[in-house]
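>>> Below are the sequence and a predicted model; questions follow.
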Amino acid sequence: MKTVLHTSDTRGYADHGWLKSYHTFSFANYHDPERMHFGVLRVLNDDEVAPGRGFRTHPHSNMEIISIPLEGDLEHKDGMGNTTIINEGDIQVMSAGTGIYHSEFNKSKDRSVKFLQIWVIPNRKDVTPQYDQISIRDMQRNNTFYQILSPNKDDEGVWIHQDAWFHIGDFDKDTSDTYTLKKKGNGVYIFVLDGQVSVNGQELNSRDGFGIWDIDQIQFKSLSVGRVLLMEIPMQRGIV
């Protein structure tokens, strides 16, 4: 078993006024050669967008981009003709592939939007761009991890071009769960959204990140009421 711990206070931070962003991995002006990625997990940004502000239209290519709103709602527009509202309780995915343009905007006049922006390196280059967005409220189950993303179009949650599985867990205090990895050679990155938890004996607090690999199962215990994002991903860097 191998592990890496990224406590919340060691993340990069950028304050642009309208955008406050914590970076688990190197991003934009934050660069740490020891924190470039975890396997194919390239970006994990914890963003807060001020009322009436947002990301202007900009391009991406050959990246799987996942957004998970935690508080508030974002308006999404892209060059594929999609105009949607990403609500708290949704998950959005874009396969940038050969190239897309998009924008995200907080239309609220008095409420900030908080969301996770996650980039995963794909296993195929130059795919046709695609977009998907679903509500995960109906999937929610207490005190166990429930799947929100996979590599399979017909499986539960959204899908991406990578052998990755994302789960969320909403736990009461003193509850436990066991997660069995789905593919040999994959690792798991745990990001604590709220509360205190223990993963294979490692205690974690809110916004801590913990990577673990060379293992088949993970033992999870909640030390308080809490919420956790679990990301199983290949440890190889992918195609980009």
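All right, it came through fine.

>>> Could you pull up the residues touching the residue nearest the centre of the chain?
Closest to where the C-alpha atoms of the chain average out (C-alpha atoms, centre = their mean) is residue 118, at 4.3 Å. For residue 118, the contacting residues are 41, 43, 44, 45, 65, 66, 67, 68, 231, by C-beta atoms under 8 Å, 6 or more residues apart in numbering. C-betas here are computed from N, CA, C, even on glycine.

>>> and with 10 Å instead?
Applying C-beta atoms under 10 Å, 6 or more residues apart in numbering to residue 118 gives the contacts 24, 41-45, 64-68, 91, 93, 149, 166, 189, 191, 229, 231.

>>> How far away from the center of its chain is stretch 30-48?
The chain centroid and the centroid of stretch 30-48 are separated by 11 Å under C-alpha atoms, centre = their mean, to the nearest Å.

>>> Likewise for stretch 137-153?
So, by C-alpha atoms, centre = their mean, the centroid of stretch 137-153 is 13 Å from its chain's centroid.

>>> Start and end of that stretch, how far apart?
With C-alpha to C-alpha, to the nearest Å as the measure, stretch 137-153 spans 19 Å from end to end.

>>> try stretch 199-216
Span of stretch 199-216 from end to end, C-alpha to C-alpha: 13 Å.

>>> before we move on, what about stretch 13-27?
Stretch 13-27 has an end-to-end distance of 10 Å (C-alpha to C-alpha).

>>> which parts of it are buried?
19, 20, 21, 22, 23, 24, 25, 26, 27 (16 or more other C-beta atoms under 10 Å).

>>> From the contacts of residue 118, which land in strands?
Among the contacts of residue 118, the residues falling in strands (DSSP state E) are 41-45, 64-68, 91, 93, 149, 166, 189, 191, 229, 231.

>>> coming back round to it: from the middle of its chain, how far away would the helix or strand harbouring the residue nearest to the centre of the chain be?
Secondary structure from DSSP states H and E places residue 118 in strand 113-120. Distance of strand 113-120 from its chain centroid, counting by C-alpha atoms, centre = their mean, is 6 Å.

>>> Alpha carbons of it, in CSV - could you do that?
Output of strand 113-120 as CSV, limited to C-alpha atoms (Å, rounded to 0.1, in the frame of the first residue of the first chain):
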residue,chain,number,x,y,z
VAL,A,113,-21.6,29.5,-6.1
LYS,A,114,-19.2,26.9,-4.7
PHE,A,115,-18.3,24.0,-6.9
LEU,A,116,-15.5,21.4,-7.6
GLN,A,117,-13.8,21.6,-11.0
ILE,A,118,-12.1,18.3,-11.8
TRP,A,119,-10.0,17.4,-14.8
VAL,A,120,-9.2,13.8,-15.7
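
>>> buried stuff in stretch 224-240?
226, 227, 228, 229, 230, 231, 232, 233, 234, 235, 238.

>>> can you dump the C-alpha coordinates of that stretch into CSV?
Output of stretch 224-240 as CSV, limited to C-alpha atoms (Å, rounded to 0.1, in the frame of the first residue of the first chain):
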residue,chain,number,x,y,z
SER,A,224,-18.5,12.8,12.5
VAL,A,225,-21.4,13.6,10.2
GLY,A,226,-19.7,14.1,6.9
ARG,A,227,-19.6,13.9,3.1
VAL,A,228,-16.8,12.4,1.0
LEU,A,229,-15.9,12.3,-2.7
LEU,A,230,-14.1,9.1,-3.7
MET,A,231,-12.4,9.0,-7.1
GLU,A,232,-11.0,5.7,-8.4
ILE,A,233,-8.7,6.4,-11.3
PRO,A,234,-5.8,4.8,-13.3
MET,A,235,-2.4,5.5,-11.9
GLN,A,236,-0.9,5.8,-15.4
ARG,A,237,-0.8,9.3,-16.9
GLY,A,238,-3.1,8.6,-19.9
ILE,A,239,-2.6,9.8,-23.5
VAL,A,240,-2.0,13.5,-23.2
